[in-house]
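>>> Provided below for reference: sequence and predicted model.
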Amino acid sequence: DASGKDAPGLRFSENGNLYPGDLLLTVSGGQLQPVLTLSAEDYLLGVLPYEMSESFPLEALKAQAVCARTYVLSHVDPSRSYDVVDTTNDQVFKGIDPSLTRCAEAVRSTAGVVVTWKGKLAVCYFAASNGGQTELISHAWPGAADMGCYVIKDDPYDAENPQSLIRSHTVPK
């Protein structure tokens, strides 16, 4: 179990999160480039709790685990030195915190499950807030392929999220 106290990997402090896998340090363009190689399932243990709250319903966590797994596997590119970054440019990865057991349960209970569309890995986009309405991929990223499985739809739950700020401003004609 990669999340255990004595599991192999990197810790940046004595009780810090575990970064399992193999670390390769190279210099690229005069800058140090660290690349951590780990299994998709271990990666998701360090992604899910930082993309959703541990307190969310287990089924929501499972759905997020499936989407996050699909996302990372669809970005595997053997021609590059790394596949994804650890920020919101891809998915937030902060290592494994063994105290976040509900997120770990969601990852483990959906192990290997992905979303497909027409026989290929689907493009799974997700965000903490959508402003109260979902959007088409082609509207957000002009020129992106429209998979046909995304729709514009009101989201009444976004306004209930205490992290979503509702602001209004009147613009005169």
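Looks like it arrived, so ask away.
>>> need the residues that contact the top helix by length along the chain.
Secondary structure of the chain per DSSP state H: the longest helix is helix 58-74. The contact list for helix 58-74 (CB atoms under 8 Å, 6 or more residues apart in numbering) reads 40, 43-44, 47-48, 51-52, 56, 83-84, 90-91, 102-103, 105-107, 109-110, 112-115, 121-124, 126. For the C-beta atoms, the positions are set from N, CA and C on the backbone; glycine is no exception.
>>> go through the helix or strand following it and flag the buried ones.
The helix or strand immediately downstream of helix 58-74 is helix 101-109, counting by DSSP states H and E. Under the neighbour-count criterion of 16 or more other CB atoms under 10 Å, helix 101-109 has 102-104, 106-107 buried.
>>> tell me the one of these nearest residue 153?
Using CB to CB, residue 106 comes nearest to residue 153 of these, at 24.2 Å.
>>> need the contact list for that closest one.
48, 58, 61-62, 64-65.
>>> tally of neighbours for residue 54?
Residues lying near residue 54 (other CB atoms under 10 Å) number 15.
>>> meant to ask about residue 135, not that
For residue 135, the tally of surrounding residues (other CB under 10 Å) stands at 16.
>>> and for residue 48?
27.
>>> so who does it touch?
61, 64-65, 68, 103, 106-107.
>>> run the last query once more with 10 Å
54, 56, 61-62, 64-65, 67-69, 91-93, 100, 102-104, 106-107 (CB atoms under 10 Å, 6 or more residues apart in numbering).
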